[in-house]
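Chemist: predicted model and sequence follow; I will ask about them next.
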Amino acid sequence: MFGRGSLTFIRPANRSVLVYVRQYENEVVLCVANLSRSAQAAEIDLASWRDRVPFELLGRTNFPPIADGPYLVTLGPYGFFWFLLREPDASTIEVPMIWAEFETLVVTDGWRSLLRGRSKSILERDVLPAFLAGRRWFAERGTSPTTRIVGAVPLAAADPDRGLALLEAKGKRETANYLLPLTIKWTRFDQERQNPNALAAVRRGPREGTLLDATADASFISILLENLRGSQTIEADQHRIEFKPTARLPRGAQIAIQNVRAVDTEQSNTTVLVGTDYVVKLFRRLEPGVNPEIDVGHFLTEIVPFSHTPPLLGAVELEENGTRSAVAIVHGFVENQGDAWTVTSAYLDRFVEEQRLLTAEAAGHSDEQAAYLQRMDQVGRRVAELQLALASRDDIVEFAPEPIATDDVRSWTKGILQRAGRALDDLAHRRSDLTETDRRLVDALLSYRESLPARLRELLPETIDAMKIRHHGDFHLGQMLIAKDDVSIIDFEGEPRRSIEDRRRKAPAARDVAGLIRSIDYSATAALERALKSAPDEHGKLARALEGWREHSVAAFMSAYRSSLSDARLWPQSLAAADRLLDFFLLEKAFYEIEYELARRPDWLRVPLAGTWRILSRSEGTPGRHSGPLSP
């Protein structure tokens with residue numbers, strides 16, 4: 001159904017909600033998605049399908065029939081609905097329920113009894129592989145791994161129905177350890193089987209219940225926060241879990257838990273919002289080492305307080321065999337209007353509409369662009385202030401700025417060349433599958449293959465007039481919250497595909513700057529893609545306007561950033577040297593993006609291809625910094 005028929009976009013007044021309809025003959029599917037991290041409501045014009053009954057395909061539930069007025073839909077953070085718009089008489093037809101087969105496990109003395117004997121064998125062989133295969137945070141999602149339960153830790157002695165299971169999952173590419181909080185809910189399984197967190201049915205004598213992933217369970221979160229407040233240490237099965245609060249965690253009265261909800265995003269961890277007080281992130285994959293989000297958060301909260309990032313309230317770590325792994329981290333909640341990617345997308349959609357309506361003479365000045373440039377000015381200042389804070393303590397080894405060594409340059413260059421080699425090989429191999437525009441870009445990039453090592457040496461010579469510092473490591477528009485007309489920078493975990501050791505290594509400030517510039521590039525291209533789905537771009541007007549948006553936005557960000565970066569050690573004083581350093585890390589990011597898009601989103605490949613082409617072609621006299629078409 002989703003690959004057939006017509007595609008129609010519906011524009012509600014709330015720009016944070018995406019709405020479109022796929023129709024094939026008399027079959028109509030309505031898709032509604034919340035692009036914001038906060039709950040949203042949208043009134044949708046569905047008059048064309050008056051009297052039809054929206055049937056929600058995932059929950060298999062009828063919604064109220066469509067009437068003459070706007071149809072109101074409310075969605076949770078990043079939530080979505082798929083509706084089949086059925087004829088009135090079809091809504092009364094009972095749709096047969098097709099359920100997945102679930103195992104029934106026998107409980108003797110609490111959830112830990114499920115991790116022994118026959119129940120453990122069933123979990124390892126039948127339950128966990130299927131459950132992990134469907135999780136967004138599982139590295140090899142979509143494939144069933146071989147699993148083994150390697151440990152179990154209770155969270156509270158008085159609560160036998162909740163705890164942490166430690167798993168080993170062996171997939172096709174790797175073997176990794178994962179954390180799975182489990183709870184038994186003594187509710188009949190037939191009432192819980194639609195719950196996506198359900199793993200299996202359980203039974204203790206005549207009593208029936210359900211085994212669930214407890215991540216968004218209010219009781220689980222309550223125990224975690226109380227253990228953190230009490231600085232608890234729990235030992236079991238040769239594992240030790242330590243709860244370490246910071247001075248910013250409220251003490252005294254018991255922490256009230258209300259409105260616990262998981263953030264439904266595609267990520268390697270699970271984030272849970274607790275009312276408007278706490279943000280709890282559970283690190284699903286257990287990786288030995290000090291997670292950078294913990295030590296950077298501690299640094300920016302208690303050593304060099306930085307007000308433009310959420311305060312770290314505490315962390316939970318697992319110790320086993322002399323190594324430590326992050327289990328969870330708790331931050332204070334920051335009231336916000338959405339992340340900068342969502343806000344940027346809204347600006348760009350209004351900008352596109354503005355460009356469609358204005359004459360060529362009037363289109364030169366845009367109120368939307370002017371307002372956004374002020375925000376980019378603000379972002380530039382906050383990023384500079386963050387880097388100044390991270391580089392401000394020469395007396396703390398983990399955060400003291402260090403000279404860039406020859407070995408650093410060789411390592412960074414080697415990394416790009418290895419990634420570029422893989423990416424270019426893949427591009428050459430898959431060239432025939434790409435669009436004509438993408439093939440032209442691929443051919444242009446392949447022509448630089450032999451000269452790439454020399455080009456990288458030109459951009460990053462062995463002697464650099466800048467220091468390396470602790471940095472964000474995965475910086476883009478989605479890593480900033482728009483909070484009361486300011487910004488709050490979040491998620492210092494670093495790029496999840498890198499090792500913990502690599503994420504904690506120091507790097508030039510230019511690496512984070514390059515990440516944000518590439519994200520601005522993506523936002524402009526995404527806006528063009530959205531615009532082309534509703535109407536063609538006559539004479540390339542929108543592409544040129546969005547290219548101007550990208551250039552002006554980057555220029556505003558860089559101007560504010562450079563003027564606010566008062567530590568001369570962090571950025572080359574020579575403009576030419578600074579441009580070369582930035583280009584080096586833009587290439588590092590762009591080749592990473594090429595690999596990512598080839599593997600996951602081939603339709604987005606043009607964005608990093610065009611970005612890489614812009615950088616490599618500058619030496620041949622093409623226009624200046626950050627220029628180049630969205631559609632070369």
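Modeler: Structure received. Numbering: from 1, shown residues only.

Chemist: only C-alpha atoms from now on, for both contacts and neighbour counts.
Modeler: Will do.

Chemist: just the strands in the stretch 251-400 of the chain please.
Modeler: 260-262, 270-274, 278-282, 285-286, 312-320, 323-332 (DSSP state E, counting those that start in this stretch).

Chemist: return the mean pLDDT over the third one, rounded to an integer.
Modeler: Taken as a whole, strand 278-282 has an average pLDDT of 94.

Chemist: so what strands line up beside it?
Modeler: Within its sheet, strand 278-282 is paired with strand 270-274 (antiparallel), strand 323-332 (antiparallel), according to DSSP bridges.

Chemist: was I right to think Ser36 contacts Ser16?
Modeler: Yes - under the criterion of Cα atoms under 8 Å, Ser36 makes contact with Ser16 at 5.8 Å.

Chemist: export the strands paired with strand 278-282 as a markdown table, with columns for distance to Ala156 and mean neighbour count.
Modeler: Listed next are these as a markdown table, based on distance: least, Cα to Cα, whole Å; neighbours: other Cα atoms under 10 Å:
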| stretch | distance to Ala156 | mean neighbour count |
| --- | --- | --- |
| strand 270-274 | 20 | 21 |
| strand 323-332 | 16 | 21 |
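
Chemist: weakest of the ones you listed in terms of mean pLDDT?
Modeler: strand 270-274 (a mean of 92).

Chemist: list the contacts of that strand.
Modeler: Strand 270-274 is touched from outside by 137, 215-216, 257-263, 279-284, 333, with contacts defined as Cα atoms under 8 Å, 6 or more residues apart in numbering.

Chemist: show me where the chain has helices.
Modeler: Counting by DSSP state H, one finds helices in the chain at the ranges 117-122, 128-133, 218-229, 292-298, 340-357, 367-390, 406-430, 436-446, 452-459, 500-504, 510-534, 541-564, 575-600, 606-617.

Chemist: can you give the contact residues for the third one?
Modeler: With contact meaning Cα under 8 Å, 6+ apart, helix 218-229 is reached by 155-156, 162, 183, 214-215, 243-245, 249-251, 254-260, 314-316.

Chemist: now the buried members of these.
Modeler: Neighbour counting by 16 or more other Cα atoms under 10 Å classes 155-156, 162, 183, 214-215, 243-245, 249, 257, 260, 314-316 among those as buried.

Chemist: from those residues, which shows the smallest pLDDT?
Modeler: Ile257 (77).

Chemist: for Leu128, see how far away it is.
Modeler: 29 Å (Cα to Cα, to the nearest Å).

Chemist: next: Ala371.
Modeler: Counting by Cα to Cα - Ala371 and Leu128 are separated by 50 Å.

Chemist: of the two, who's got more company?
Modeler: Counted by other Cα atoms under 10 Å, Ala371 and Leu128 do not tie: Leu128 has more neighbours, with 21 against 11.

Chemist: which residue packs closest to the more buried one, ignoring adjacent ones?
Modeler: Distances taken as Cα to Cα, 6 or more residues apart in numbering place Thr147 nearest to Leu128, at 6.8 Å, with adjacent residues excluded.

Chemist: can you give me the pLDDT of that neighbour?
Modeler: For Thr147, the predicted pLDDT is 94.

Chemist: what does stretch 156-169 rub up against?
Modeler: 109-112, 145-155, 175-185, 214, 220, 223.

Chemist: make that stretch 124-132, sorry
Modeler: The contact list for stretch 124-132 (Cα under 8 Å, 6+ apart) reads Phe102, Glu103, Phe138, Arg141, Ser144, Pro145, Thr146, Thr147, Arg148, Ile149, Leu199, Ala200.
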